[in-house]
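Q: Sequence plus predicted model, see below.
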Amino acid sequence: MCMIGDDDCGWTNLGQTIRCARKRHRCYECSRTIEPGERYEDARGVGDGRVTVMRSCAHCIAARSWLDAVCRGYLWGGVWDDLQQHWDEEWSLRTLDLGRVMVWHRRRWIDPATGDLVDPRLIKEITRRAAQVASAVVAEAERKTREYWAAERAARTARYEQTFGAA
Ligand SMILES: [Zn+2]
Ligand SMILES: [Zn+2]
């Protein structure tokens, strides 16, 4: 099940900006350290009378675009739970590319060959391909559901007309 659509009342979005880190921050999604010089997103909101600052690393911003495409949104702090749920429960959305994004996340975006952070543009590209496939699968499932209900309505109307005559 997707987390989008869960209750988020009492929350006001105060806006998002892309910044360049001047000191270390912790990514709100993957918990890794965002080092000075890295670009990150600063998102703020008010809930329960408190301002929450959520900083997302470039890799998590890239990865969550899958949720934007497939779920039409994401929850701050819930990106990896949501992606993991889709991965665990929806076999039709599992692609090699989505799997690669999950593995990179588990490696905390470190390339084992070099020990450096993987280029976020690579994550963006892999995620874009994974989202493309998943969006097509979701669109097809939605089309089938619409077709099913249209046929169901038509059958019900036909049964009604048989019993009571056409209106
Ligand atoms: Zn979702
Ligand atoms: Zn992150």
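A: Looks like it came in fine. Ligands and ions are numbered 1, 2, ... in the order given.

Q: Trp76: what secondary structure?
A: Here Trp76 is recorded as coil under DSSP: H, G, I helix; E, B strand; the rest coil.

Q: now the residue nearest in space to the middle of the chain, nearest residue through space, not along the chain?
A: Taking Cα atoms, centre = their mean, the centroid of the chain lies closest to Leu67, which sits 1.8 Å from it. Closest residue to Leu67 apart from its sequence neighbours, by Cβ to Cβ, 6 or more residues apart in numbering: Tyr74 at 4.0 Å. Using the backbone N, CA and C atoms, a C-beta is placed for each residue, glycine as well.

Q: Distance check, the one you found against Cys20.
A: Look at Tyr74 and Cys20: by Cβ to Cβ, to the nearest Å, they are 23 Å apart.

Q: neighbour-wise, which of these two wins?
A: With neighbours defined as other Cβ atoms under 10 Å, Tyr74 and Cys20 compare such that Tyr74 has more, 23 against 9.

Q: And the pLDDT for that one?
A: With respect to pLDDT, Tyr74 has a value of 92.

Q: do the same with Ala131
A: The predicted local confidence for Ala131 is 96.

Q: tell me what the strand or helix carrying it is packed against?
A: Under the criterion of DSSP states H and E, Ala131 resides in helix 120-164. Using 3 or more Cβ pairs under 8 Å, 6 or more residues apart in numbering; DSSP states H and E, the elements in contact with helix 120-164 are helix 58-70, helix 96-106.
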